[in-house]
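A.B. asks: could you work out the structure for the sequence below:
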Amino acid sequence: MKIKLLAVLAILGALTLIQGAFVVNEWEQAFTTRFGKVVGKAKTDPGLYFKIPFVDVVHRFEKRILEWESSPSQMQDVEKRYIVVGAYARWRITDPVLFYERIRDEQGARTRLDDGIDGAIRTEIAQHRLIDVVRSEQRVADVDDDAYGSDSNLLDFRLGRELITQNILARAKERTSGWGIELIDAQVKLINLEPETEAKTMLRMSSERQRIAEKLRSEGQGELQRITGEKERDLKEIMSEAYREKQKIEGDADAIAARVYSEAYDADDESRNLYILTKKLEMYQQTITNRDTLLLSTEGDLFNLLKRGE
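C.D. replies: Numbers count the residues shown, from 1 in each chain. Below you'll find the model as predicted:
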């Protein structure tokens, strides 16, 4: 009987010890409540802690950074243009007791963040133009400003995405203060035009690009005509110079030939006869081919020449 009693007491003692101790991990923070009221301070350091068994309840919360992401929603900018904006944020629980008292759990926090951060984004977007939300630097376009026509003012923005994001984070922190959380970052991750506005914008952009393309084509055609004209002018100058050089060379050659002819005729009879014979043979060679049929007179020079060559 005593052994059974001791065994029961041992089991009760073990259960009491198990129920009276709890472990807080590195990624957790916890506190206990007794009959719905918070007891003591939050345990933010990892380790083994104790509570009253079967009475105290342990509430555990994440100590790591948590994420929040919104569904894309439609809102207006300062120019009353409808755009679709999506955002995300990073947050963590800094005071688990206050967080429990004000919000209860992470699901409730995400619901409250939907209102807080989304409201901050709507308020900030409504005060600025789309170009201010999209652009982050004052970059000059690669093409001439004139090519953009009336839209050249889009190259100038007043604030920029980075400062607007900082304003959104500041507004969201104000809305979430007193919740026991720290809002680390809030960013706009998606900016799209409303479908109808997007279609009109794409049509306008297409028309602008076509106008720019026509302008560039016109400039290209003008440059082509200029280069072609210069080419033809240079070609005529080169051909004229070549013709002049050709005429000069032919004139010099004719002068040399005339001098050679004169010297040949002024030479002795034997040299002159050889020269005349050579010139005749060259003439016959140039005018008579293998396919020609000759009818020669017995009184002709060619017949006599062939006869003497037998």
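A.B. asks: just the helices in the chain please.
C.D. replies: Shown for the chain, the helices assigned by DSSP state H span residues 2-20, 96-102, 106-125, 130-134, 161-176, 195-265, 269-287, 301-308.
A.B. asks: which one of those lies closest to residue 73?
C.D. replies: Taking C-beta to C-beta as the measure, these were each checked against residue 73, and helix 106-125 came out nearest at 6.8 Å. No exception for glycine: its C-beta is placed from N, CA and C like everyone else's.
A.B. asks: show the average pLDDT along stretch 73-81.
C.D. replies: Per-residue confidence for stretch 73-81 averages out to 88 on the pLDDT scale.
A.B. asks: what's in contact with it?
C.D. replies: 82-86, 118, 121-122, 125-130, 133, 193-194, 197 (C-beta atoms under 8 Å, 6 or more residues apart in numbering).
A.B. asks: picking up where we left off before, okay if I get the helices of the chain as CSV plus distance to residue 47?
C.D. replies: Shown next, in CSV, are those (distance: least, C-beta to C-beta, whole Å):
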stretch, distance to residue 47
helix 2-20, 15
helix 96-102, 16
helix 106-125, 23
helix 130-134, 47
helix 161-176, 30
helix 195-265, 56
helix 269-287, 120
helix 301-308, 133
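A.B. asks: got TSV for those, with mean neighbour count too?
C.D. replies: Conversion of the helices of the chain to TSV gives the following (neighbours: other C-beta atoms under 10 Å):
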stretch	mean neighbour count
helix 2-20	10
helix 96-102	18
helix 106-125	18
helix 130-134	19
helix 161-176	18
helix 195-265	11
helix 269-287	11
helix 301-308	12
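A.B. asks: make CSV out of these and add distance to residue 45 and mean pLDDT.
C.D. replies: Converted to CSV, the helices of the chain look like this (distance: least, C-beta to C-beta, whole Å; pLDDT from 0 to 100):
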stretch, distance to residue 45, mean pLDDT
helix 2-20, 19, 66
helix 96-102, 13, 94
helix 106-125, 21, 92
helix 130-134, 43, 84
helix 161-176, 25, 92
helix 195-265, 53, 86
helix 269-287, 117, 69
helix 301-308, 130, 62
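A.B. asks: nearest to residue 31, of these?
C.D. replies: Of all these, it is helix 96-102 that lies closest to residue 31, at 5.6 Å by C-beta to C-beta.
A.B. asks: that closest one: how far from the chain's middle?
C.D. replies: Going by C-alpha atoms, centre = their mean, to the nearest Å, the spacing between the C-alpha centre of helix 96-102 and its chain's C-alpha centre is 46 Å.
A.B. asks: what helices or strands is that helix leaning on?
C.D. replies: strand 28-34, strand 37-43, strand 56-62 (3 or more C-beta pairs under 8 Å, 6 or more residues apart in numbering; DSSP states H and E).
A.B. asks: let's see 6 Å
C.D. replies: Here helix 96-102 is seen to pack against strand 28-34, strand 37-43 when contacts are counted using 3 or more C-beta pairs under 6 Å, 6 or more residues apart in numbering; DSSP states H and E.
A.B. asks: any buried residues in the last one, and which?
C.D. replies: Read that as strand 37-43. For strand 37-43, the buried set under the neighbour-count rule, 16 or more other C-beta atoms under 10 Å, comprises 38, 42, 43.
A.B. asks: distance check, the nearest residue to the second one once chain neighbours are set aside against residue 38.
C.D. replies: When you say that, I think you mean residue 42. When the adjacent residues along the chain are set aside, residue 42 lies closest to residue 31, with 4.3 Å between them (C-beta to C-beta, 6 or more residues apart in numbering). Applying C-beta to C-beta, to the nearest Å, one obtains 6 Å for the distance of residue 31 from residue 38.
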